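J.: Kindly return the folded structure for what I paste below:
(chains A, B, C and D)
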There are 2 protein chains.
Amino acid sequence: MKTSIQKVSEQLKSYQIRPSFQRVRILHYVQTEKNHPTIDMIYSSLLAEIPSLSKTTIYNTLKLFVDAGIMQPITIENHEIRYDADTTPHIHFKCIDCGEVTDVFIPEQQDWLSSRIPSGYDVHEQHLYARGRCPECQL
Amino acid sequence: MKTSIQKVSEQLKSYQIRPSFQRVRILHYVQTEKNHPTIDMIYSSLLAEIPSLSKTTIYNTLKLFVDAGIMQPITIENHEIRYDADTTPHIHFKCIDCGEVTDVFIPEQQDWLSSRIPSGYDVHEQHLYARGRCPECQL
DNA sequence: GTATCTGCAAAACATTTGCAATTCT
DNA sequence: AGAATTGCAAATGTTTTGCAGATAC
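T.: As a prediction, this is how the structure comes out:
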């Protein structure tokens, strides 16, 4: 049976992206921790494992992944970009207390928005997000 | 009959905010041009009228307005914050060609999202936006 | 051996902060 | 005069760029 590191490596190859050590670890990290990390979160988490890692590499790599369609950038706060390895449409909920971003899947979301936007608009992407208090942070 | 400048001035007073010349012009600009401007768009548009205007004042003023609930910041691109003087829930559509952000009102939006998020989450705000090509930019 | 990839250092940008000058009441 | 507001200049923080060394094919 293949390890998930091997799977990540093959996923990259299928996108014609060379599976360098850094790239594989970055993608693996974002896929397994489903925490929608920022650049800094990725950097500080991987530093123990890859002491030579630089932020420039993370910037380069995430740009590569986003352009390839492997990841999507999530824009909830204007001062932090988060990244999600799940590119299917779903809702992001950010807790105003703990700061965590969690996924909410609503079956009928798929075309709710696009089907309601007036004709004449050519919709490429739709994004829904909410802010509030998550179940763990209720008193 | 009152000019819209006078109306803006009174709106500010109703929020206990002193209607200084700069504040009135900034709010008036965002309200009348419904272009969801960035800080820079506001700055360069008002510079002719207020040559001494500084960006710091715009930063200060917009923070004041957002905290007071007079405006909402719109986060579509991570590298630019736009501001909207309409704080009722509605959809923003950003055209990938001309870059304009337009409003789309869908009557049933009001509670579509909040009513579908699993119970346990306490939803304070919901935001929907889409990206694509606007009617004017179709070939 | 040639392409690609990584990571340092510097550059470019956007936003915030401290403070002095100005304006309003 | 006293309090609030403005705007300059400096500080901060984040992202991008240029490039030299390392790595992979």
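
J.: Isn't A:Leu64 up against A:Tyr15?
T.: No: applying Cβ atoms under 8 Å as the test, A:Leu64 and A:Tyr15 come out as separate, 9.3 Å apart. Backbone N, C-alpha and C define where each C-beta goes, glycine included.

J.: And these two? Which one has more around it.
T.: A:Leu64 (16 against 12; other Cβ atoms under 10 Å in any protein chain shown).

J.: so what's that one up against?
T.: A:Ile17, A:Arg23 (Cβ atoms under 8 Å, 6 or more residues apart in numbering or on different chains).

J.: just to confirm, which helix or strand has it in it?
T.: Element membership for A:Leu64 (DSSP states H and E) is helix A:55-68.

J.: So for that helix, mean pLDDT?
T.: For helix A:55-68, mean pLDDT rounds to 97.

J.: Just the buried residues of that helix, please?
T.: Across helix A:55-68, burial judged by 16 or more other Cβ atoms under 10 Å in any protein chain shown covers A:Thr57, A:Ile58, A:Thr61, A:Leu62, A:Leu64, A:Phe65.

J.: Repeat that for stretch A:98-111.
T.: The neighbour-count check on stretch A:98-111 (16+ other Cβ under 10 Å) flags A:Val101, A:Thr102, A:Val104, A:Ile106, A:Gln109 as buried.

J.: what about that stretch and chain B, touching?
T.: Yes: Stretch A:98-111 reaches chain B (Cβ under 8 Å from any Cβ of the partner chain) through A:Val104, A:Ile106, A:Glu108.

J.: Just send those back as a markdown table, with pLDDT and secondary structure too.
T.: Formatted as a markdown table, the residues of stretch A:98-111 next to chain B follow (pLDDT from 0 to 100; DSSP: H, G, I helix; E, B strand; the rest coil):
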| residue | pLDDT | secondary structure |
| --- | --- | --- |
| A:Val104 | 93 | strand |
| A:Ile106 | 88 | coil |
| A:Glu108 | 77 | coil |
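
J.: Among these, pick out the one closest to B:Ala48, please.
T.: Nearest to B:Ala48 among those is A:Val104, at 46.3 Å by Cβ to Cβ.

J.: unless I'm mixing things up, that closest one is touching A:His92, no?
T.: Yes: with contact defined as Cβ under 8 Å, A:Val104 counts as touching A:His92 (7.5 Å).

J.: shared neighbours of those two, which are they?
T.: With Cβ under 8 Å, 6+ apart as the test, A:Val104 and A:His92 both reach A:Ala130.

J.: Now do the same for A:Glu49: helix, strand or coil?
T.: coil (DSSP: H, G, I helix; E, B strand; the rest coil).

J.: Just the pLDDT for it.
T.: pLDDT recorded at A:Glu49 is 94.

J.: got the contact list for it?
T.: Shown in contact with A:Glu49 (Cβ under 8 Å, 6+ apart): A:Arg25.

J.: So it versus A:Leu64, what's the distance?
T.: A:Glu49 sits 20 Å away from A:Leu64 when distances are taken as Cβ to Cβ, to the nearest Å.

J.: Next: A:Arg131.
T.: 30 Å.

J.: cool, and A:Gln126?
T.: Going from A:Gln126 to A:Leu64 by Cβ to Cβ gives 24 Å.

J.: and what of A:Thr102?
T.: Counting by Cβ to Cβ - A:Thr102 and A:Leu64 are separated by 26 Å.

J.: what do you get for A:Ile81?
T.: 15 Å.

J.: ditto for A:Ile106
T.: Taking Cβ to Cβ, one finds A:Ile106 at 30 Å from A:Leu64.

J.: Report the contact partners of the residue positioned nearest the centre of chain A.
T.: Residue closest to the average C-alpha location in chain A (Cα atoms, centre = their mean): A:Asp84, at 0.9 Å. Neighbouring residues of A:Asp84 by Cβ under 8 Å, 6+ apart: A:Val30, A:His36, A:Met71, A:Gln72, A:Pro73, A:Ile74, A:His92.

J.: distance of it from chain B?
T.: 13 Å (Cβ to the nearest Cβ, to the nearest Å).

J.: can you pull up the bridge partners for that residue?
T.: Per DSSP bridges, the residues bridged to A:Asp84 are A:Gln72.

J.: Cheers, nothing more for now.
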